[in-house]
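Visitor: Give the three-dimensional model of this entry:
(one chain, ligands or ions: 1)
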Amino acid sequence: MTNSQAFSAVRISDKVYWVGAIDWNVRNFHGYQTQRGTTYNAFLVLGQKVALLDAVKAPFKQELLSRIASVIDPGKIDYVISNHAELDHSGCLFDVVDEVKPEKVFASAMGVKALQAHFHRSTEVTAVKEGETLDLGGLTATFLETRMLHWPDSMFTYLNEEKLLFSQDAFGMHLASVERFAEQIDDALLDAEAAKYYANILAPFSPVIGKLLTRMEKLGLPLETIAPDHGPVWGRKGPRILEHYRRWAQQKPTNKAVVVYDTMWNSTDVMARAVAEGISSADCRVELLPVGGNHRSDVATAALNAGALVIGSPTLNGGIMPTMADALSYLKGLKHRSLVTGGVFGSYGWSGESLKLLEAQLGEMGIESAGSVKATFVPGPEVLAECRGLGVKVAEALRAKLKAVQ
Ligand code: FEO
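Guide: Prediction:
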C-alpha cells in the first residue's frame, strides 16, 4: 500500500467529507499537554464547485491529499477557505494550493494579513466579510467573523443547505481517535477533553465567546452539525457542547477551590494537605495539584469555573519553585475570571520571600487573598492548625463572594 492509498475520507453527509489528519504522537501543543494526541480537521465540500475548508499541520500534507483523493481528484478543488491561520491548520495550505491550483483562496480580512505574515507568498487570498456568501453551486457558504476566537483572523463558515457550521477551533478538543463523530465517543471523555481545551485555549476570550453565542442565537441559524478543526464532529450531541460553552463562557465561580503547590522537603506538601482539609471541612470542594506531578495544563483545567486558588511554595534562592513560576505564569495568561479569592502558604529556612511573591501573583490575577501561612523549615502542630484555619477562611471568603453574585 502506498502513502497515497493509506488514508480515506470520512463521509459527514453526501456533500461533506472529513479529509483531515490524525496526530497520535503530539504531546505538547505550545505548552498544553495533549496526552491523547489530536486531529487536524479539514473538510471537503462538494457543490458544483468544490471547496476545501482549512488544511492541516505541514507534516500531514500527504495524509490530507490522500484522503481528498479517496473522494475526488484533488485538482478538482475550486476554492480553498482558510477559517483560521494558525499553523496547525495552515501549515501546508500554500503547498496544497500550489498542487491543486484552485481558482480562489478565501480568508477573513485579518486572515489575509495573517497568512501573508506567516508565509510571505504572492498567491492572492481574497478577503471575505461578515455575512458574505459564496455560491458553491447547489450549496451556499456564509462567512461569520469570529475575531479573537481565538485569533484575530478566526472565522466560521456556515453551510446553509446542510445546516452545518465549520467552527475552526471553537467546540474542538485535542483527542486523536478513529471515531469521527461525538456520538461514537463516551460523554465523560468528550466533556473532559472539551473542558481542557476551553480552559487552556479559549478561556481568555470568554467575553467574546459569550457575545458570539448570543449572536448565534439571534441569527437563529439551524444547526444540525458542528464541525470543528480538532476532535470529533458534533451531530446529535451538538446542544451538549453549546450548553457547556454557555456555562464556561460565563466564568462564574463555583464552590470549588484548587490548591496548587510544590514542595522541597515535604513541608509545603503537608501544609497543602492541611489547607485542603480546612477547605473541605467548611463544605467547599477542593482539588489538590502538586505541580511536581501535575502538568500546568491540568492546573488550568482544574481552575475552570473554580472560585478559589490557594498557592504554596517554599522559598528557593529568594524566589519560588520554578515549577510554580511556570504554572502561575501560564495560569495568569489564561485569565480564569471565576477565581475570586485565595490564599498563600509555604515553608522557608531563613529569608522567606516566597509568600510575598505568591501574594503578588494572586494580586496580578485579580484574586483577593484571604490569608497566608508560613512555616520555618518543618511545620509543627500550631502551623498546621493555622493551615487548616487558612482553608476555612478561604472557603468562607468564597461563600461570601458566591452569595454576593447570586
Ligand atoms: Fe487549532 Fe488556533 O489552532
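Visitor: Tell me who's in contact with the closest residue in space to Tyr348 that isn't next to it in sequence.
Guide: Leaving aside its chain neighbours, Tyr348 sits nearest to Thr315 (3.9 Å; criterion: CB to CB, 6 or more residues apart in numbering). Every residue, glycine included, has its C-beta placed from N, CA and C. Shown in contact with Thr315 (CB atoms under 8 Å, 6 or more residues apart in numbering): 346-349, 351-354.
Visitor: now do 7 Å
Guide: With contact set as CB atoms under 7 Å, 6 or more residues apart in numbering, Thr315 has these partners: 346, 348, 351-354.
Visitor: and if you look at Leu309?
Guide: Counting by CB under 7 Å, 6+ apart, Leu309 touches 258, 260, 303, 339, 342, 367.
Visitor: quick one on the thing from earlier: which pair of the contacts of Thr315 spans the longest distance?
Guide: Farthest-apart pair in the contacts of Thr315 is Gly346 and Ser351; separation 11.9 Å (CB to CB).
Visitor: Near the closest residue in space to Val178 that isn't next to it in sequence, how many residues? Count them for me, please.
Guide: Spatial nearest neighbour of Val178, chain neighbours left out: Ile22 (7.5 Å); criterion: CB to CB, 6+ apart. When neighbours are defined as other CB atoms under 10 Å, Ile22 has 19 of them.
Visitor: check contacts around Phe181.
Guide: Going by CB under 7 Å, 6+ apart, Phe181 touches 232-233, 235.
Visitor: mind checking how far it is from Leu175?
Guide: Phe181 sits 12 Å away from Leu175, going by CB to CB, to the nearest Å.
Visitor: Quick check: which ranges of this structure have low pLDDT?
Guide: Counting by pLDDT under 70, the ranges of the chain that qualify are 1-5.
Visitor: centre of the chain versus the lengthiest helix in it, how much separation?
Guide: Counting by DSSP state H, the longest helix found in the chain is helix 381-405. A distance of 30 Å separates the centroid of the chain from that of helix 381-405, by CA atoms, centre = their mean, to the nearest Å.
Visitor: in it, what counts as buried?
Guide: Residues 383-384, 386-388, 390-399, 401-402 are the ones in helix 381-405 that count as buried (16 or more other CB atoms under 10 Å).
Visitor: Summarise which helices and strands it is packed against.
Guide: strand 254-261, helix 267-281, strand 306-312, strand 341-348, strand 368-376 (3 or more CB pairs under 7 Å, 6 or more residues apart in numbering; DSSP states H and E).
Visitor: Out of the ones you listed, which gets nearest to Ile77?
Guide: Set against Ile77 and scored by CB to CB, the helices and strands packed on helix 381-405 come closest in strand 306-312, at 45.6 Å.
Visitor: Quick check: next helix or strand after that closest one?
Guide: Downstream of strand 306-312, the first helix or strand assigned by DSSP states H and E is helix 322-334.
Visitor: Please identify the buried residues of that next one?
Guide: In helix 322-334, counting by 16+ other CB under 10 Å, buried: 323-328, 330-331, 334.
Visitor: First-to-last residue distance for stretch 192-203?
Guide: End-to-end distance for stretch 192-203: 15 Å, by CA to CA, to the nearest Å.
Visitor: picking up where we left off before, pick out whichever of Gly346 and Ser351 has more residues nearby.
Guide: Gly346 (31 against 9).
Visitor: okay but that one is in contact with Ile311, surely?
Guide: No. Between Gly346 and Ile311 there is no contact under CB atoms under 7 Å: 8.6 Å.
Visitor: Could you pull out the residues contacting both of those two?
Guide: Taking CB under 7 Å, 6+ apart as the criterion, Gly346 and Ile311 both touch Leu358.
Visitor: how far does stretch 70-83 sit from the chain's center?
Guide: Chain-centre distance of stretch 70-83: 28 Å, with CA atoms, centre = their mean.
Visitor: again but with stretch 94-111, I slipped
Guide: 26 Å.
Visitor: Show residues contacting it.
Guide: By CB under 7 Å, 6+ apart, the residues outside stretch 94-111 that reach it are 55, 61, 64, 74-75, 77-82, 85, 115, 119, 121, 123, 125-128, 134, 145, 147, 152-153, 155.
Visitor: cool, stretch 217-227 as well?
Guide: For stretch 217-227, contacts defined as CB under 7 Å, 6+ apart pick out 12, 41, 43, 158, 162-167, 171, 233-235, 238, 241.
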